[in-house]
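**Student:** okay, here's the prediction I keep looking at, along with the sequence it came from:
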Amino acid sequence: MNALGNALSDMAGTGNTGGLITASVMIAQGLEAEAPASGNASASRRLLGSSAAYRMRTRRLLLAKMGGGADAVAASPRLGASGLSSAAGLSQRPSEVEPQGADSLIAVLNASSINIDTVAAHAGGLSTAVQTMDSMAAAAKARFSRDKLHAVIRGCMETVERVARAYVSSMLPAQGVECITREGVSLSLQRLTKDATSVDFASIPCTASLPNRTAPQRVAVDPNASPSGAYGISIITFVLQENWLPPTLSHPRGVLSEGVAGIIFGSAGSSSCQGCVSSRHLLPIDSAHSDSQTLRRGLSAREKEAALKGDGVKCWQWVSGDRIWNSDTCKASSVAKIASGASVMCECSSGGYFLATYEPPAYLWFTGNIANMVEVGRYFLSSAIPIGFTLATATVVAGVVIGTLRIRILVRRFQAFAAYSTYTWTERFTQTLSTLELSPEPDPTPYYAARAAYIARKKRDAVSPTAPPGATWPPPPSAPPGDDEG
């Protein structure tokens, strides 16, 4: 590994980019599952028999060295095809492509596509670019972060578009439509006649096999805007399973269409128009997954109904060289219910890449509340008497229950107070009684003797004359007759 690194460093240091690419292509072929029939077959078998970790280190080293030579590849037209082949060879096994080498590989792809001419594109350059994009998309989807996935898809898409433009520029209308299909990407290429006014992509095998899915639909062409010459404009269509840098959805239950549809004009004959480019897109409004495959609360029946009316549905366009998706140049012309969700027809004013989104409109909150209030009002009016009787009965029962509880509380308080008062009086009476029990019993004889004397005196006073002052009563007895002297 050290010897290989030193050799590659020497090539890069001396500016021998061609030798670096040639060596990378040979080593990349050795990492393939099928070794070449001659030449370095023995080395290929040894590389293929090595461990996966060793092969990954080898790919990482090659990508790092080639990434440093991307500027030289872009500056040399003769290195375009070989650079594209080396990048394709290093990405053949997605499981062995690491995130660290993705940036270097994308740099090599873009540098190589700048110098791809018509001959190289027809000689396998376009097929190689599409295959590389499919391999890199599989690796990024399985092992890379979401931001890295978007960067890989976008970088590969720019490469494939450049090579496809070079390919279609030499096509003739008599060749018809050519299709290139891989697992995650599908292309169609054709050259129109001079008097062609429209193209319906539903009749093209590349897109006809995708009913109700995201795909190009139709293009209207102005014959007067066609380039000078005997033929009309050239058109390239794309159908991608993955998107890149999608619009940010403010609503938590927003829905993003599956994949991206692209319609690219391969020559300068395209012009701006109103709705001349149309595409259809699948909105999975019945799914409980967002674009990041995370669970979210599904749309309500009213929100789905609004989506089918086109309320909250937007169409977006990405033109090569842009940095964000734009919704000002497209509109949603129709929305139809299908088994897997909703099919949106987008009409745009120029070629590019297209997708659709849906966010529940704000008025659903107000209309939903009004509808609920109306339903409650109807229910109340239809049941006014039962509701009134129920309320009256509940009031009476509540009054009886509360009154009973209140009376019980008062009785308990009275009983407690009475018991306390009785106890206090009994305690004091007991103390007084004990004092009485210890005192002697009074003798009534003096009382009755005094009372008898008093009554007798009163009687004598009532029958005796009044005595003079100083006289005593009764008078002393007088002497009997005959006792006088003389």
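**Tutor:** Structure received.
**Student:** so where do the strands sit in the chain?
**Tutor:** 178-181, 185-193, 198-200, 215-220, 231-240, 255-256, 260-265, 277-283, 313-318, 330-338, 341-348, 352-358 (DSSP state E).
**Student:** return the set of buried residues in the second one.
**Tutor:** Within strand 185-193, the residues that qualify as buried by neighbour count (16 or more other C-beta atoms under 10 Å) are 185-192. No exception for glycine: its C-beta is placed from N, CA and C like everyone else's.
**Student:** where does the prediction get shaky in this structure?
**Tutor:** For the chain, applying pLDDT under 70 flags the ranges 1-78, 80, 208-212, 224-228, 267-275, 288-297, 365-384, 419-441, 463-486.
**Student:** follow-up on the earlier one: quick one: which of the buried residues of strand 185-193 is nearest I285?
**Tutor:** Closest approach between those and I285, by C-beta to C-beta: S186, at 24.3 Å.
**Student:** so what sits opposite that closest one in the bridge?
**Tutor:** T181, V239 (DSSP bridges).
**Student:** got the contact list for it?
**Tutor:** Listed by C-beta atoms under 8 Å, 6 or more residues apart in numbering, the contact partners of S186 are 179-180, 206-207, 210, 238-239.
**Student:** ok so, going back, let's have the strands of the chain in a markdown table, adding distance to F414.
**Tutor:** Output for these, formatted as a markdown table (distance: least, C-beta to C-beta, whole Å):
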| stretch | distance to F414 |
| --- | --- |
| strand 178-181 | 97 |
| strand 185-193 | 93 |
| strand 198-200 | 98 |
| strand 215-220 | 90 |
| strand 231-240 | 89 |
| strand 255-256 | 72 |
| strand 260-265 | 86 |
| strand 277-283 | 76 |
| strand 313-318 | 76 |
| strand 330-338 | 76 |
| strand 341-348 | 76 |
| strand 352-358 | 73 |
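**Student:** between those strands, which gets nearest to R154?
**Tutor:** strand 313-318 (9.1 Å).
**Student:** residues contacting V319?
**Tutor:** Here V319 is in contact with 326, 350-353 (criterion: C-beta under 8 Å, 6+ apart).
**Student:** are any of those buried, and which?
**Tutor:** So, by 16+ other C-beta under 10 Å, the buried ones in those are 350-353.
**Student:** before we move on, the earlier item: from the contacts of V319, pick the one nearest S91.
**Tutor:** Distances from S91 to the contacts of V319, taken by C-beta to C-beta, are shortest for Y353, at 22.2 Å.
**Student:** identify the bridge partners of that closest one.
**Tutor:** Beta bridges link Y353 to G262, W318 when assigned by DSSP bridges.
**Student:** contacting residues for it?
**Tutor:** 157, 238, 240, 260-262, 317-319.
**Student:** and if you look at E178?
**Tutor:** Applying C-beta under 8 Å, 6+ apart, the residues near E178 are 171, 188-190.
**Student:** next one: P205
**Tutor:** P205 neighbours (C-beta under 8 Å, 6+ apart): 177, 179.
**Student:** quick revisit: the strands of the chain: which one's closest to A450?
**Tutor:** strand 255-256 (124.0 Å).
**Student:** which secondary structure elements does the closest one sit against?
**Tutor:** strand 352-358 (3 or more C-beta pairs under 8 Å, 6 or more residues apart in numbering; DSSP states H and E).
**Student:** ok so, going back, and the contacts of S186, which two are the farthest apart?
**Tutor:** Using C-beta to C-beta, these span at most 14.8 Å, a distance reached by I180 and L210.
**Student:** before we move on, back to that, of the contacts of V319, just say which sits nearest to S95.
**Tutor:** Of the contacts of V319, the one sitting nearest to S95 (C-beta to C-beta) turns out to be Y353, at 28.3 Å.
**Student:** any idea how far D328 is from that closest one?
**Tutor:** Using C-beta to C-beta, to the nearest Å, Y353 is found at 15 Å from D328.
**Student:** now A139
**Tutor:** A139 sits at a distance of 35 Å from D328 (criterion: C-beta to C-beta).
**Student:** who has more neighbours out of those two?
**Tutor:** Taking other C-beta atoms under 10 Å, A139 and D328 do not tie; A139 has more neighbours (24 against 8).
**Student:** need the contact list for the residue nearest to that one when sequence neighbours are not counted.
**Tutor:** Ranked by C-beta to C-beta, 6 or more residues apart in numbering and with sequence neighbours excluded, the top spatial neighbour of A139 is P94, at 3.5 Å. Counting by C-beta under 8 Å, 6+ apart, P94 touches 135-136, 138-139, 142-143.
**Student:** P94 and C156: what is the separation?
**Tutor:** From P94 to C156 the distance is 13 Å (C-beta to C-beta).
**Student:** name the residues contacting each of those two.
**Tutor:** Shared contacts of P94 and C156 (C-beta under 8 Å, 6+ apart): M136.
**Student:** distance to H150 added to the contacts of Y353, as TSV?
**Tutor:** Shown next, in TSV, are those (distance: C-beta to C-beta, whole Å):
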residue	distance to H150
M157	11
F238	16
L240	12
V260	12
A261	17
G262	16
Q317	17
W318	12
V319	17
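**Student:** out of the residues you listed, which is most surrounded?
**Tutor:** Going by other C-beta under 10 Å, A261 tops those with 28 neighbours.
**Student:** so that residue is in contact with I236, correct?
**Tutor:** No - with contact defined as C-beta atoms under 8 Å, A261 does not count as touching I236 (11.9 Å).
**Student:** count of neighbours near S91?
**Tutor:** 29.
**Student:** now do R146
**Tutor:** 11.
**Student:** what do you get for A453?
**Tutor:** A453 has 10 nearby residues by other C-beta under 10 Å.
**Student:** next one: it from P205, what distance?
**Tutor:** For A453 relative to P205 (C-beta to C-beta), the value is 157 Å.
**Student:** how is this structure carved up into domains?
**Tutor:** Taking automatic domain parsing as the reference, the chain has its domains at 1-170, 173-380, 383-413.
**Student:** how about the last one: buried residues?
**Tutor:** Judged by neighbour count (16+ other C-beta under 10 Å), domain 383-413 contains no buried residues.
**Student:** same thing with stretch 336-350?
**Tutor:** Buried-residue list, stretch 336-350, by 16+ other C-beta under 10 Å: 341-350.
**Student:** hang on, the earlier thing: Throw the contacts of S186 into CSV and include distance to L126, thanks.
**Tutor:** Output for the contacts of S186, formatted as CSV (distance: C-beta to C-beta, whole Å):
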residue, distance to L126
C179, 11
I180, 7
C206, 14
T207, 18
L210, 21
F238, 12
V239, 16
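**Student:** just the buried ones from those?
**Tutor:** Neighbour counting over those (16+ other C-beta under 10 Å) leaves 180, 206-207, 210, 238-239 as the buried ones.
**Student:** for the stretch 101-250 of the chain, what spans make up the helices?
**Tutor:** Along the stretch 101-250 of the chain, the stretches classed as helices by DSSP state H, counting those that start in this stretch are 118-120, 126-143, 146-168, 205-208.
**Student:** packing partners for the shortest one?
**Tutor:** Spelled out, it's helix 118-120. If you count contacts as 3+ C-beta pairs under 8 Å, 6+ apart, helix 118-120 packs onto helix 80-90, helix 146-168.
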